[in-house]
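Enquirer: Need coordinates for the following:
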Amino acid sequence: MFDMSGTQSVQPVQITERQDYEREVSKDPRMPGPWLELIAHVRRGGSTDDIRDVYDRFFEFFPQAAVQWIEYVNWELSQSNFSEVDAIFVRCLRTTLSVDLWKVYLAYTRRVNPLPPFTAEENSPRDQTRQVLEDAYEFALKYIGWDRESGPIWQEYIQLIREREVRGAWQEGQRMDQLRRVYQRAVSIPLDHVEVIWKDYDAFENSLNKLTAKKFLGEHSPAYMQARTVLREMRRLTESLSRPAVPSPPVWIAPQTKRNTSAGQEQESYAAWRAYLSWEQANPLAYDDPVTLQSRVLAAYKKATMCVRFDAVIWYMAASFCRMSQRENEMLVWLRDGIEACPWSLLLRFSYADASTSLGRLADATAALDDLVLYTQHQVDMRLNALAELKARVDAEISRQRKQRLEKHAQVDSAPDEDDGDKVELADIERRLQEERMSQHQQLERDAQGELEVWRAAVSQVWIKYMQFVRRTEGIRPTRQVFSRARKSAHCSWQVYEANAMLEYHCSKEPLVATKVFELALKTYGANEELVVRYLDFLLSINDDANARAVLERTVSSMPPERARIIWDRWSDYEYSYGDANGIARLEARMADMYPDRSAAQSAADRLRYGSLDWVRLRDIGLAASVPYVGATSIARMPGRDINALESIKAAVSGANTAAAPSTVANAVADAAGLVALPGAVTTAPDLLSTEACTSSNPASATKTDVPNNSSGSGRQTMEDIRRSLTSTASDPVKRTRGKNETDKLAKKARGGPDAQSHTRKGGSRDTPPPPPMIPDAILYFMSLLPNAYTYDGPPIPPEAITECLLRSSLPVMPLCADVRKVGKRRT
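Expert: Sure thing, here's the model as predicted:
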């Protein structure tokens, strides 16, 4: 292809570059960055049709992007395409309440309607042109006159009326009356220039008649004062609002995109807009006319959607306001526009379905829900396809690396392929490549898992709410048809089956049908522990313990004990509450075989617990004497306890006197937790809550070892402090509560009695603990960072079994590399 100068064109390169931009846009058309790059690219060298096409497609997703509308208008004006400019203004003005855009419109109106010379005739062309300009300003103020930034437009309009030529006293009176009405409208609005306009109005009235000025100014002074007061509050609410030129979807919708803001910052931005809109709905200007209030509030909502277009809550708030104002048709418009902006919003979709149904438009409601089903399923399929594409790229890269390594191997080693060493080395290369391939595939799956699970859950939620909606509006038979469609979906989860089963049970009073649906779910999804628990809940709720027992035996046998734990917990709760003694004994025997880490005390606590009433765990299993050992998660699981109890415990331990006896600390901790410390109990407090709050069980060493002595006062522990705390904790034996006879023997030893003498003769030095081993500082520092062993609540890991496994395992001998093997050949 050649251009007009006869030289070869670079059009193919431009097409390739544009295709790159188009591909980025197609990935997520609601992200503004790729669009802006594409617009800049086509404006640099594209044709007129290309520029218009890109702008038109851009405004399908961002119809209120005022900056881009202004750019589009200016570009068309640069081409002198006035008819196109008129069409653009028709498309954007009523929906894009931007003061800057309306200023461009008014400037364009003045440009295409220049004032002719003045003539003395009535209704001259100059008068007609002035009327057009005044109508344009009235049109603009109707849509943006409420905006606090529209003060300059009000002032321009006032000046335009002032400059109007009049012929006679009657026209002069008309002009003065019109000026008075415009002034009175402007001073009652919280504009940034309201004080300047009020001063002009005061001067205007006083220039006409001081007597009537006092009357008019007195009548409108309260409205002006109200506007000034509201303006101060409005500035406080709106000056911190986020106003991006082009909005972006929130982080929780497009998490893979690079942002300068976090999810918390975007939440704060959305919350600020919602707070401002709620303030507008509260009628701070005290309008008596509900129509005026509604117009102002809806205009504020339109302004908000320019900046936070992808916040579904704001669209929902606007629709709710329309419903409260008995504007049902506008409510549907707001919901439809919100769905177009936020197609992922279940809030807007189901609200639209409910609103359409209430207005007798059931077909529209069903169509909206069908579209939602297709959208959510498409999102899952799109992410699965993207994952498959990334895996294909990994496979291609691994194939390239395999080819390179094989070529390098062939160059280095010229031995025949039948050589055993070559086969081993080639197998080793293939093994490493496959391991790398599997590792990258697994990493890709982990990266995509979160988004996939979210959208799969959305698919299931949509089907569930769709069934409930159809049941409310059409009955149970159409609901079964929806369930039949849901079962055919590749992304349907077991929750859909459960929801349908419960609908059948509660709405059609058919427990047999519900049972069949649960059985179908078990057949489809296998022994899913959560599904089994829900199935057991249902069977036990209808008092069908025989089938519940059969389901239990059928499912727990096909899953490992770790997964079946929640099933057994649910069944043991039922058995302990309503089973007989023999059944409970059989249950506990099976539980002891499957879960040997479950102590007899825990079994007894489960047997005696009822719902959230669990006295045994709280008071009988030493919990009152061992509160400092309890982790935050365990406290959160306590019946009747709040997670804030941990903070009270921390404060109690930190506030206790570190030189006091351990029982004092135990009492303080027990008081903070709402427990009663056992009298005379000796309590140890390991490093669970904080290093400084640890108190040794030995009263004599409480102030010497457990509390770090920071002589520097910097608040940081030295290596000596860490060594002292760790070695003292390791060397001190674990205290236990002694009986009376043992206590008497210890007292005799302390007094030097016969027991003590015999003990010395038999070699009391054996009871003296050996000195602590010297540990390197790096290991000591690492040990100080580790959490305390008491905080671990997972399954126990026996070190003896792991050591035995390592000792008995046979490790393969690694083959020699090619270079070493060649050296051996040359030597032979």
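
Enquirer: Going by secondary structure, the residue nearest the centre of the chain is in what exactly?
Expert: Centroid-nearest residue in the chain, with C-alpha atoms, centre = their mean: W252, separated by 4.9 Å. Using DSSP states H and E, W252 is not contained in any helix or strand.

Enquirer: Skipping its backbone neighbours, what lies nearest it in space?
Expert: In space, and not counting its chain neighbours, W252 is closest to A263: 6.0 Å by C-beta to C-beta, 6 or more residues apart in numbering. All C-beta atoms are positioned from the backbone trio N, CA, C, and that covers glycine.

Enquirer: Would you mind confirming that that neighbour makes contact with P250?
Expert: Yes: between A263 and P250 there is a contact under C-beta atoms under 8 Å: 7.3 Å.

Enquirer: Any figure for the gap between the residue nearest to the centre of the chain and G33?
Expert: Distance from W252 to G33, counting by C-beta to C-beta, to the nearest Å: 18 Å.

Enquirer: How about P284?
Expert: 37 Å.

Enquirer: same deal with R549?
Expert: 60 Å.

Enquirer: same deal with S612?
Expert: Using C-beta to C-beta, S612 is found at 51 Å from G33.

Enquirer: How about D135?
Expert: D135 sits 40 Å away from G33, taking C-beta to C-beta as the criterion.

Enquirer: When these two are compared, which one has more neighbours?
Expert: G33 (14 against 11; other C-beta atoms under 10 Å).

Enquirer: shouldn't L141 be in contact with G151?
Expert: No: look at L141 against G151 with C-beta under 8 Å: they stay out of range, at 11.2 Å.

Enquirer: which regions of the stretch 201-350 of the chain sit below the pLDDT cut-off?
Expert: Within the stretch 201-350 of the chain, the stretches with pLDDT under 70 are 255-261.

Enquirer: The stretch 601-750 of the chain too?
Expert: Short version for the stretch 601-750 of the chain, where the test is pLDDT under 70: 622-750.

Enquirer: Count the residues that sit near the residue nearest to W344 when sequence neighbours are not counted.
Expert: Once flanking residues are discounted, W344 sits nearest to I253: 6.2 Å by C-beta to C-beta, 6+ apart. Neighbourhood size, I253 [other C-beta under 10 Å]: 15.

Enquirer: which other residues reach stretch 48-67?
Expert: Contact with stretch 48-67 is made by 29-30, 32, 35, 38-39, 42-43, 46, 68-69, 72, 75, 79, 91-92, 95-96, 98, 100-101, 245-247, 302, 305-306, 309, as judged by C-beta atoms under 8 Å, 6 or more residues apart in numbering.

Enquirer: Any of the residues you listed buried? List them.
Expert: 30, 32, 35, 38-39, 42, 46, 68-69, 72, 75, 92, 96, 98, 101, 246-247, 302, 305-306, 309 (16 or more other C-beta atoms under 10 Å).

Enquirer: still on that earlier bit, the residue nearest to W344 against R309, yeah?
Expert: No: assessed by C-beta under 8 Å, I253 is found out of contact with R309, at 11.9 Å.

Enquirer: show me what contacts F538?
Expert: Counted by C-beta under 8 Å, 6+ apart, F538 has contacts 501-502, 505, 514-515, 518.

Enquirer: again, only this time at 7 Å
Expert: 501, 514, 518 (C-beta atoms under 7 Å, 6 or more residues apart in numbering).

Enquirer: Can you add neighbour count, distance to A271 and secondary structure and give those back as CSV?
Expert: CSV is the format used below for those (neighbours: other C-beta atoms under 10 Å; distance: C-beta to C-beta, whole Å; DSSP: H, G, I helix; E, B strand; the rest coil):
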residue, neighbour count, distance to A271, secondary structure
A501, 25, 39, helix
A514, 23, 42, helix
F518, 26, 42, helix
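
Enquirer: Turn the residues you listed into JSON lines, including pLDDT.
Expert: Listed next are the contacts of F538 as JSON lines, based on pLDDT from 0 to 100:
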{"residue": "A501", "pLDDT": "97"}
{"residue": "A514", "pLDDT": "96"}
{"residue": "F518", "pLDDT": "97"}
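
Enquirer: List just the nearest of the residues you listed to A213.
Expert: A501 (78.3 Å; C-beta to C-beta).

Enquirer: which residues touch the closest one?
Expert: By C-beta under 7 Å, 6+ apart, the neighbours of A501 are 514, 517-518, 538.

Enquirer: how about 8 Å then?
Expert: With C-beta under 8 Å, 6+ apart, A501 has these contacts: 513-515, 517-518, 521, 538.

Enquirer: so how far is E172 from P511?
Expert: Taking C-beta to C-beta, one finds P511 at 88 Å from E172.

Enquirer: More neighbours: which of the two?
Expert: Neighbours per residue, other C-beta under 10 Å: of P511 and E172, the larger number sits with P511, 16 against 12.

Enquirer: how near is the nearest residue to that one once chain neighbours are set aside to F469?
Expert: Sequence neighbours aside, I542 is the residue nearest to P511 in space, at 5.2 Å (criterion: C-beta to C-beta, 6+ apart). Distance of I542 to F469, computed by C-beta to C-beta: 26 Å.

Enquirer: So which of the two has more stuff around it?
Expert: For I542 versus F469, the count of surrounding residues by other C-beta under 10 Å is larger for F469: 19 against 13.

Enquirer: what's the closest non-adjacent residue to the more buried one?
Expert: In space, F469 is closest to A353, 6.1 Å off (C-beta to C-beta, 6+ apart).

Enquirer: Quick check: the residue nearest to the centre of the chain touching Y270?
Expert: No: counting by C-beta under 8 Å, W252 does not reach Y270; the two are 10.9 Å apart.

Enquirer: per the record, what domains does this protein have?
Expert: According to automatic domain parsing, the chain comprises the domains 15-238, 616-749+772-791.

Enquirer: in the stretch 101-250 of the chain, which spans are helices?
Expert: With helices called from DSSP state H, counting those that start in this stretch, the stretch 101-250 of the chain shows them at 125-144, 151-162, 169-187, 194-208, 210-238.

Enquirer: So what's the gap between the fourth one and the chain middle?
Expert: Looking back up the chat, that one is helix 194-208. Centroid separation for helix 194-208 versus its chain: 52 Å, with C-alpha atoms, centre = their mean, to the nearest Å.

Enquirer: Same check on the first one?
Expert: Helix 125-144 has its C-alpha centroid displaced from the chain centroid by 48 Å (C-alpha atoms, centre = their mean).
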